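Colleague: Attaching a predicted model along with its sequence, questions to come.
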Amino acid sequence: NIGLAYASLGDKTAAESHYRESIALNDEYVEAYRNLVAMRRFDTLEDPDVQRLESLWQRDDHSDQIRCKLAFALGKVYDDCGLYDKAFTTYEIGNQLKSREITMDFDQYFGHIDRIIQVFDKPPGMHSDAALGRSSPIFVLGMSRSGTTLVEQIIARHPEVIGCGELPCIDRAIGRLEKNYGRMRVYPDDFPDLDMQAYDLETREYLDWVGRLHDLSVPFFTDKMPFNFVHIWLIRLMFPHAAILHCHRHPLDVIVSNYFQLYGSEINYVYDLEILASYYVRHYRLMQHWHSIFPGDIYKVQYEALVADNENQTRQLIEGARLEWDDACLDQKRASAAVRTASIWQVRQGIYTSSRERWRHYEKHLGPAIDILREAGILDDDLHYID
């Protein structure tokens, strides 16, 4: 855990030292190996860490949980080494093992997202003024692994912004609005009928909660909870003037990057390619809906463009975040906030382009996801994204 703390601050040397101390105490502790592998790139299977992992992998006395973690660690090694078929089949084993733990009813879950489109079919007719005169959030949202952490790090370089990471505040507001204020309510069906006082209270609670954890002496802070893309109607009601940045990346790169990630949080839709693709379809349709009822109000950040033409795209990004330009936004050494997401070491590397079209290495394995995306009209026959 000390290693993880140093990792979040970008201190590889200290993080590795603690991971290796953990391994010295217990050389079968797979979690330490998994975190060690995540912060390194491998070009040979002769590396001692890889040989130890493969030795553990060959044993048949591990629990499913340990074997799952081994699979994700070795999958990453094989991907680094360009052994793409071996990487995919190893990741596939890890995903199948993880899927056994998932009991979620995805049909019900997807139905809930579809219901949000039906209920929130026009902009809210009221707006909270409770945020006036206080620090304002900048919402960075989209699919996990679509570039949200990179975008937040760029914005957090601005001297008027503090990066606050993934805040649970909108979900907290929904829970409180469902249970408080006199009677039980259902989200989204009952929310258009709530009075403005309830929303004002939740706006203040949101800002108070963030203020207890972060120094809000600057005018702006980021809320980088990706899943907030589901709740844009509520965000716009609570914070009518806040910038909303929608991060977008080629769907197959998003799917591969999620499928190859063992999450510590309750992100349950990523361990099956068909479920993951179906979730992407819901994200796509919902974002199209939000862009239609809030035209010009949500700034779309294209990941591929941002990494290919960083300076020009960063200038447009800062404008989309409703900030004045500052040269500090181009200084990759400036942002020092802790990174606590799955993309920690990718972000610490700065801007790089190697993750673009990574999916092409795995195209022959992605048939179920490709079929779903094509049927939904998201990909054409040549697998180009249809926006």
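Modeller: Looks like it came in fine. Keep in mind the model is a prediction, meaning the values are calculated, not measured. Numbers count the residues shown, from 1 in each chain.
Colleague: Could you use CA atoms for every contact and neighbour count after this?
Modeller: Will do.
Colleague: Model confidence for the residue lying closest to His250 once chain neighbours are set aside, exactly?
Modeller: Among residues not flanking His250 along the chain, Tyr385 sits closest, at 6.5 Å (CA to CA, 6 or more residues apart in numbering). Looking at Tyr385, its pLDDT is 91.
Colleague: Regarding the chain, what is its longest helix?
Modeller: helix 273-293 (DSSP state H).
Colleague: Are we agreed that Phe221 is in a strand?
Modeller: Yes: going by DSSP: H, G, I helix; E, B strand; the rest coil, the assignment for Phe221 places it inside a strand.
Colleague: these two touch, right, Gly142 and Lys224?
Modeller: No: at 9.2 Å, Gly142 does not count as touching Lys224 under the criterion of CA atoms under 8 Å.
Colleague: got any residues that touch both of the two?
Modeller: Thr148 (CA atoms under 8 Å, 6 or more residues apart in numbering).
Colleague: what pairs with the residue nearest to His250 across the strands?
Modeller: Beta-bridge partners for Tyr385, by DSSP bridges, are Leu379.
Colleague: wait, doesn't it sit right on Leu373?
Modeller: No: counting by CA under 8 Å, Tyr385 stays clear of Leu373, with 9.4 Å between them.
Colleague: Comparing those two, which residue is more hemmed in?
Modeller: Counted by other CA atoms under 10 Å, Tyr385 and Leu373 do not tie: Leu373 has more neighbours, with 23 against 16.
Colleague: how close does that one sit to Ser144?
Modeller: 17 Å (CA to CA, to the nearest Å).
Colleague: now swap in Gly296 and tell me
Modeller: The gap separating Gly296 from Ser144 is 23 Å, by CA to CA.
Colleague: more crowded one of those two?
Modeller: Set Gly296 next to Ser144 and count neighbours by other CA under 10 Å: Ser144 wins out with 22 against 9.
Colleague: Leaving out chain neighbours, which residue sits closest to the more buried one?
Modeller: Pro226 (6.0 Å).
Colleague: Tell me who's in contact with that neighbour.
Modeller: Contacts of Pro226 were listed using CA under 8 Å, 6+ apart, and they are 140-144, 148, 166.
Colleague: where do the strands sit along the stretch 151-300 of the chain?
Modeller: Remark: strands assigned in the stretch 151-300 of the chain by DSSP state E, counting those that start in this stretch are 161-163, 220-223, 243-248, 298-302.
Colleague: can you check the stretch 1-150 of the chain too?
Modeller: 136-142.
Colleague: So, low pLDDT: which residues of the stretch 251-387 of the chain?
Modeller: Applying pLDDT under 70 to the stretch 251-387 of the chain flags the ranges 335-355.
Colleague: Now with 50, please.
Modeller: 345, 348, 351-352 (pLDDT under 50).
Colleague: So which of the strands of the stretch 151-300 of the chain is nearest Leu194?
Modeller: For the strands of the stretch 151-300 of the chain, proximity to Leu194 was assessed by CA to CA; strand 243-248 is nearest, at 23.3 Å.
Colleague: Could I get the buried residue list for stretch 186-204?
Modeller: Judged by neighbour count (16 or more other CA atoms under 10 Å), stretch 186-204 contains these buried residues: 188, 191, 199-200, 202-204.
Colleague: pull the CA atoms of it into CSV?
Modeller: The C-alpha trace of stretch 186-204 is given here as CSV (Å, rounded to 0.1, in the frame of the first residue of the first chain):
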residue,chain,number,x,y,z
VAL,A,186,-36.7,6.9,-8.1
TYR,A,187,-34.0,8.2,-10.4
PRO,A,188,-34.6,9.3,-13.1
ASP,A,189,-38.4,9.2,-13.2
ASP,A,190,-39.2,11.4,-10.2
PHE,A,191,-36.4,13.9,-10.6
PRO,A,192,-38.0,16.4,-13.1
ASP,A,193,-40.7,17.0,-10.4
LEU,A,194,-38.4,17.8,-7.5
ASP,A,195,-38.4,21.4,-6.3
MET,A,196,-35.5,23.7,-6.8
GLN,A,197,-34.7,23.9,-3.1
ALA,A,198,-33.7,20.2,-3.1
TYR,A,199,-31.3,20.8,-5.9
ASP,A,200,-29.8,23.9,-4.3
LEU,A,201,-29.1,21.9,-1.1
GLU,A,202,-27.3,19.2,-3.2
THR,A,203,-25.2,21.8,-5.0
ARG,A,204,-24.1,23.2,-1.7
